[in-house]
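Student: have a look at this fold, sequence not included:
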């Protein structure tokens, strides 16, 4: 998507190196950094210079390609893969991308591995872009329909939570892809951006990327969505998903569930946009998904820019108070209006998902 | 309640001056400041050294008493009243306390007004303490009953939102009074403290006062309550109220409504503690309550303590992103399990409220 009018991706090759936007500097500075080695790529993932499952996968893929420029032996292919795999062990796309790279490069003569590595990493990026673009197209049609049904209002308010935008992917994003397409198509979308405590991905990343592309938006405290829905000021909600069960239960950033309950209470359509790679076909009940508990300091402290322009972390809690930091929650399928996938939109149910992905009929849990 | 083992109030007289805890320094420093003049009292209210409707009323009352030490003439009584009334014009208790002071002092000879002023201000404080204590006693019985019904678990989890504790009153608080009484009675209460963005009254004030008194508590992001209720980790919720309609609709800090919806979805008892002075008998439908919209900088920026121990404000949003800051929301009566008032507990309904306050049968809106 665009930053200051210029089309930008989160990651792009430059000859035999790779550049990425340093997301730790957002939203206050837009700086890109060069990755020259597999170690650079691993560090970028580990320190969250890049984040978001698809972008982590893309960076790992380029990391293997960079490793081949250093030493294209079988030993180094294995070593780079191990190094990169250890950076964020829970990200599904990371292991998947590394597997794709190994399967592509291992059969080739070492002399061909640099070129093939960059080509394969680029293909992984293009596949992600195509998938997000497809999600965007399917979501766009929902927005168009709801906007038409509402009598084409001058402002069509969409609420989103956390960041499921292009900064988490290579381009477009998942939950935000339909919004970008609607905006680019001239629909008067306006986005309510949940700030998304404790890590504030909404305030920092979603607000940044929407603003950079020119999409009207307003940041709100996470507490505000219920009130806005009650007052008829939310036409629909779209969020992403970290893991979706075969029955359509959705695990996403903590707080998603509260918004789904409010949407249900006020008949606000609540959509979840997801690439099918996030569907865990082995699980039916979302309550069985293990929920990550993170460091309490993410609740106790917060970073922002001080009056001198420096990014500083400040502590919010009394010295002796503890905090609990649950990172995700589960929204049962009955509160989800529909799932927007790269193959189309379906009901949040086993039947709905298998209608689009019949090849999983055998492995989908009941 | 106690700070480091010592019983403390938010405001207390010292001869012919008054001292208050400087709440702008909490939770990082506990400092009390002296108020010597009506202007000092007005400044304390305006700059939020004191906050919370009952405490604002108490401070204004002492402000009038202080004015009498400067000049006990009729002219100065009127002048002080005007000055104090202009500090936070929307607080109901402020105008009420000033009216009480004028009615008490105006008929008296000027020579008696200092002593009578301090006596009346002290009486206003004692009445607030008695009211909060009564709320606490009625709420305590609910907690005892729910704890017994749950099989006397080792930890009884109560969720609260914002700060309706003793720091907002003279002592005890409203929503927190039952919790202090349960704790002091030896019940194993543990409080989930919503941080309560954007002004973080939960993280800063509720966590501080619970910790200072020794009540076990854990601060959580506002996004977390739905997940905890879904997992059976919330036994009940108690919140305060800024305004309650004659039908039992509750206007309270933004985000209260989302917690009420989640409590309803999971059969978690959801109680609202309130002095009857917050009941607006003239209104039936809570949707008619005007909702304050505050400065967007309260969402865009946040204050905390930096690594050098200084309190700093930092900006969280991208430079060009706007924020919306809705301060309150309305929870319809059907989501409220009961109202805990100084006269007892009742259903959140016209019938329930009039059962306890029959003197309002004529003025209660239908």
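Tutor: Structure received. Note that the structure is predicted; figures quoted are calculated from it, not measured.

Student: what does the closest residue to residue A:246 other than its chain neighbours show for phi and psi?
Tutor: Spatial nearest neighbour of residue A:246, chain neighbours left out: residue A:364 (4.1 Å); criterion: C-beta to C-beta, 6 or more residues apart in numbering or on different chains. No exception for glycine: its C-beta is placed from N, CA and C like everyone else's. Torsion angles at residue A:364 (phi, psi; degrees, to the nearest 10) stand at phi -80, psi 120.

Student: list the contacts of residue A:364.
Tutor: A:246, A:281, A:350, A:353-354 (C-beta atoms under 8 Å, 6 or more residues apart in numbering or on different chains).

Student: ok, now residue A:333?
Tutor: With C-beta under 8 Å, 6+ apart, residue A:333 has these contacts: A:245, A:247-250, A:286, A:348-349.

Student: same question for residue A:219.
Tutor: Contacts here follow C-beta under 8 Å, 6+ apart; on that basis residue A:219 touches A:193, A:195, A:202-203, A:207, B:299-300, B:317, B:321-324.

Student: out of everything not next to it in sequence, what's closest to residue A:270?
Tutor: residue A:263 (4.0 Å).

Student: for the helix or strand in which that neighbour is found, packing partners?
Tutor: Applying DSSP states H and E as the criterion places residue A:263 in helix A:256-265. Using 3 or more C-beta pairs under 8 Å, 6 or more residues apart in numbering or on different chains; DSSP states H and E, the elements in contact with helix A:256-265 are helix A:225-230, strand A:236-239, strand A:270-273, strand A:328-331, helix B:225-230, helix B:256-265.

Student: let's see it at 6 Å
Tutor: When contacts are defined as 3 or more C-beta pairs under 6 Å, 6 or more residues apart in numbering or on different chains; DSSP states H and E, helix A:256-265 packs onto helix A:225-230, strand A:236-239, strand A:328-331, helix B:256-265.

Student: quick one on the thing from earlier: count of neighbours near the residue nearest to residue A:270?
Tutor: 24 (other C-beta atoms under 10 Å in any protein chain shown).

Student: and residue A:250, by the same measure?
Tutor: 30.

Student: wait, isn't it in contact with residue A:271?
Tutor: No. In terms of C-beta atoms under 6 Å, residue A:250 does not count as a neighbour of residue A:271; the distance is 10.3 Å.

Student: now do the contacts for the nearest residue to residue A:205 once chain neighbours are set aside.
Tutor: Leaving aside its sequence neighbours, residue A:205 sits nearest to residue A:163 (C-beta to C-beta, 6+ apart; 4.0 Å). Counting by C-beta atoms under 6 Å, 6 or more residues apart in numbering or on different chains, residue A:163 touches A:201, A:205-206.

Student: residue A:163 belongs to a strand?
Tutor: No. Counting by DSSP: H, G, I helix; E, B strand; the rest coil, one finds residue A:163 to be coil, located in no strand.

Student: picking that back up, in strands, which of the contacts of residue A:364 fall?
Tutor: Among the contacts of residue A:364, none falls in strands (DSSP state E).

Student: what sits up against the helix or strand harbouring residue A:60?
Tutor: Per DSSP H and E, residue A:60 falls inside helix A:53-70. Contacts with helix A:53-70, where a contact means C-beta under 6 Å, 6+ apart, come from A:10-11, A:16, A:18, A:37-38, A:41, A:44-45, A:50, A:76, A:80, A:84, A:91, A:93-94, A:97-98, A:101, A:113-114, A:117-118, A:121, A:124-125, A:128, A:168-170.

Student: of those residues, buried ones?
Tutor: A:10-11, A:18, A:38, A:41, A:44-45, A:50, A:76, A:80, A:84, A:91, A:93-94, A:97-98, A:101, A:113-114, A:117-118, A:121, A:124-125, A:128, A:168-170 (16 or more other C-beta atoms under 10 Å in any protein chain shown).

Student: what about those residues, which are in helices?
Tutor: A:38, A:41, A:44-45, A:76, A:80, A:84, A:93-94, A:97-98, A:101, A:113-114, A:117-118, A:121, A:124-125, A:128 (DSSP state H).

Student: which of those are close to chain B?
Tutor: Among those, no residue lies close to chain B (C-beta under 6 Å from any C-beta of the partner chain).

Student: coming back round to it: touching, the residue nearest to residue A:270 and residue A:236? I think so.
Tutor: No. Applying C-beta under 6 Å as the test, residue A:263 and residue A:236 come out as separate, 8.4 Å apart.

Student: can you tell me the element whichever residue of the stretch 51-200 of chain A sits closest to chain B falls in?
Tutor: Chain B sits closest to residue A:197 of the stretch 51-200 of chain A, with a gap of 4.2 Å, by C-beta to the nearest C-beta. Under the criterion DSSP H and E, no helix or strand holds residue A:197.
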